[in-house]
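Trainee: sharing a model prediction with you, sequence too.
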Amino acid sequence: MKVCIIGQGYIGLPTAVLFADNNCEVIGVDINPEIIDCLNSCQIHIEEPGLKEKLKLAIDNKKYHASLEPQKSDVFIITVPTPNNIKDLSCDLSFVISACESIVPYLEKGNIVIVESTIAPMSTDEIIKPIFESAGFEIGKDLYLSHCPERVLPGKIMEELINNDRIVGGITEECSNKSAQVYETFVKGKIMKTEAKTAEMSKCMENTFRDVNIALANELTKVCSKIGVNALDVIELANKHPRVNIHSPGPGVGGHCLAIDPYFIYSLAPEEAKIIKLARDTNNSMPKFVVDKTKEILENINNVEKAKIAVLGVAYKGNTGDTRESPALICIDLLKKEGFEIAIHDPHVENENYCSFEEAIQNADISIILSDHEEYKNLDYDLIKEKMKNPIIFDTKNIISNNSKINKTNTSKKDEIEIINYGNLWNRKKF
Ligand code: SAJ
């Protein structure tokens, strides 16, 4: 089977190398010439465990080639981004539309076309199908079109692409059957067949479910910090109930999925999708909450307006270099607008303006943890006490656990470090 995958990003590239690993001939297409050069020389432009090794294998075995142009193939898979339209936050299909148009000259009767990009419900029926129909193809008879959303978690993509259950939503039953056969090449999870619009809505709702639940946890944090209750203890205790799963509060919700997809539903039915919109607003309000609380914490220090703040972590997800829609970026902007001096550290993100951990905390009045990177779980507390002007850590991700709060062997200096999280914002105490 020859597979042409349009878009060599977080989903397209791992999917391409997995097809190649399972004996398919794969063409990885991207509009960015730098990405094409990078991939053909066995380098990867995204951080994902296990990906580079598989790419090298695919290239060595002559099963993978990256190209600016599509080629005639049996299967075409579209994995390009779908951002929000600026005006109404609906689903911007422009990349998907141009990707579909780009494959039309290469299509032949009997080909299978699969759109994996997350798209608003009804997009396949109302917008994508007509592109191929107007090129003369009858869908379900001489071209098989489906929407098959991916559902993998960055950092675990290689493993989850294989093992997760997969939704396959065809325009016709035959379209679903054909697409299911394609994924059977490497998917070990269940392949569930349905209609395209049901697949589209399921994918959007999966991320909306998570966004709404995180908003509830964030709202709980705000309520608790106002009335004086430990939100983190509440979550731990409530979650002992067999049917309760309160999510984790944080500095907001980032990534290319949870912060984007709920608007695809909302913009289709704003009058009805009230909870979905409120959840988005609540999660979007968290960077300001973090900044407001930081200002309160700093209230007692001298020269507060000249305070130096060390920002620890910019990535939206721990242990990755992915900063898409990261709430940390908004926190940084808001802190800068307040006039604070900001020093930023993120061991996973390359940016010439970021500094080393030691430089970031040097003379800082507070360090704010905004990403749950492994590096921040057990910090060098001696160094913190030596370098920071005020050894205060505001842990918005609650990753410094109670037990590791102060690792005794690491605390020879007598000054104390104050650790503030969403459990003690209202009642700060020294540890
Ligand atoms: N977050 C919280 N509290 C939580 C969980 C997450 O504040 O309890 C925040 C994270 O810090 C992050 C954001 O939410 O900023 C999103 O992170 P995530 O790890 O939950 O999800 P994504 O965006 O990396 O991946 C999601 C996943 N969807 C679901 O879990 C329903 C993934 O399976 C999807 O494939 C992906 O979206 C996608 O591509 O749609």
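Mentor: It's in.
Trainee: how near is the spatially most central residue of the chain to residue 39?
Mentor: Closest residue to the average C-alpha location of the chain: residue 255 at 3.0 Å, with Cα atoms, centre = their mean. Shown here: residue 255 relative to residue 39, a distance of 23 Å by Cβ to Cβ, to the nearest Å. Bear in mind the C-beta positions are built from the backbone N, C-alpha and C, glycine included.
Trainee: hang on, residue 198 packs against residue 171?
Mentor: No: Residue 198 lies out of contact with residue 171 (Cβ atoms under 8 Å); the separation is 11.8 Å.
Trainee: so for the two, which sits in the more crowded spot?
Mentor: residue 171 (23 against 15; other Cβ atoms under 10 Å).
Trainee: hang on, isn't that one packed against residue 129?
Mentor: Yes: counting by Cβ under 8 Å, residue 129 is a contact partner of residue 171 at 6.0 Å.
Trainee: which residues are common contacts for the two?
Mentor: 139, 145 (Cβ atoms under 8 Å, 6 or more residues apart in numbering).
Trainee: any idea how far apart the tips of stretch 65-75 sit?
Mentor: Terminal residues of stretch 65-75 lie 15 Å apart, using Cα to Cα, to the nearest Å.
Trainee: would you mark the buried spots in that stretch?
Mentor: For stretch 65-75, burial by neighbour count (16 or more other Cβ atoms under 10 Å) applies to 65-66, 70, 73-75.
Trainee: likewise stretch 132-149?
Mentor: Here stretch 132-149 shows 132, 137, 139-140, 143-149 as buried, counting by 16+ other Cβ under 10 Å.
Trainee: alpha carbons of that stretch, as CSV, please.
Mentor: Once non-C-alpha atoms are left out, stretch 132-149 reads as follows in CSV (Å, rounded to 0.1, in the frame of the first residue of the first chain):
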residue,chain,number,x,y,z
PHE,A,132,-13.8,16.0,-4.5
GLU,A,133,-17.2,15.8,-6.1
SER,A,134,-16.5,18.9,-8.1
ALA,A,135,-13.4,17.2,-9.4
GLY,A,136,-15.7,14.5,-10.8
PHE,A,137,-15.5,11.8,-8.1
GLU,A,138,-18.6,10.0,-6.7
ILE,A,139,-17.9,9.5,-3.0
GLY,A,140,-18.5,5.9,-1.9
LYS,A,141,-18.2,4.6,-5.4
ASP,A,142,-15.0,5.8,-7.0
LEU,A,143,-13.4,7.7,-4.0
TYR,A,144,-13.7,6.7,-0.3
LEU,A,145,-13.8,9.7,2.1
SER,A,146,-13.7,9.5,5.9
HIS,A,147,-12.9,11.6,8.9
CYS,A,148,-10.8,9.6,11.3
PRO,A,149,-9.6,11.8,14.2
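Trainee: ok, and what's touching that stretch?
Mentor: By Cβ under 8 Å, 6+ apart, stretch 132-149 touches 100, 104, 107, 109-116, 118-119, 123-124, 128-129, 166-172, 174-176, 178-179, 183, 196, 199-200, 202-203.
Trainee: for that stretch, what is the distance to the chain centroid?
Mentor: 30 Å (Cα atoms, centre = their mean, to the nearest Å).
Trainee: model confidence over it, on average?
Mentor: For stretch 132-149, the mean per-residue pLDDT is 98.
Trainee: wait, does it make contact with the ligand?
Mentor: No: counting by Cβ under 6 Å from any ligand atom, the ligand has no neighbours in stretch 132-149; the shortest distance is 7.4 Å.
Trainee: not counting its neighbours along the chain, what's nearest the residue of the stretch 301-431 of the chain found nearest the ligand?
Mentor: Relative to the ligand, the nearest point of the stretch 301-431 of the chain is residue 316 (4.2 Å; Cβ to the nearest ligand atom). Nearest residue to residue 316, sequence neighbours excluded (Cβ to Cβ, 6 or more residues apart in numbering): residue 254, at 2.7 Å.
Trainee: next, count neighbours for the one you found.
Mentor: 25.
Trainee: phi and psi next, for it.
Mentor: Main-chain dihedrals, residue 254, degrees, to the nearest 10: phi -120, psi -170.
Trainee: mind checking how far stretch 81-96 is from the chain centre?
Mentor: Distance, centroid of stretch 81-96 to centroid of chain: 17 Å (Cα atoms, centre = their mean).
Trainee: is that stretch positioned near the ligand?
Mentor: No: shown here: stretch 81-96 not in contact with the ligand (Cβ under 6 Å from any ligand atom), separated by at least 10.3 Å.
Trainee: span of that stretch from start to end?
Mentor: 8 Å.
Trainee: likewise for stretch 292-310?
Mentor: Using Cα to Cα, the two ends of stretch 292-310 sit 16 Å apart.
Trainee: avg pLDDT for it?
Mentor: Here the average pLDDT along stretch 292-310 is 88.
Trainee: residue 205: neighbour count?
Mentor: 16.
Trainee: now stretch 225-243: how far from the chain's centre is it?
Mentor: Taking mean C-alpha positions (Cα atoms, centre = their mean), stretch 225-243 and its chain are 26 Å apart.
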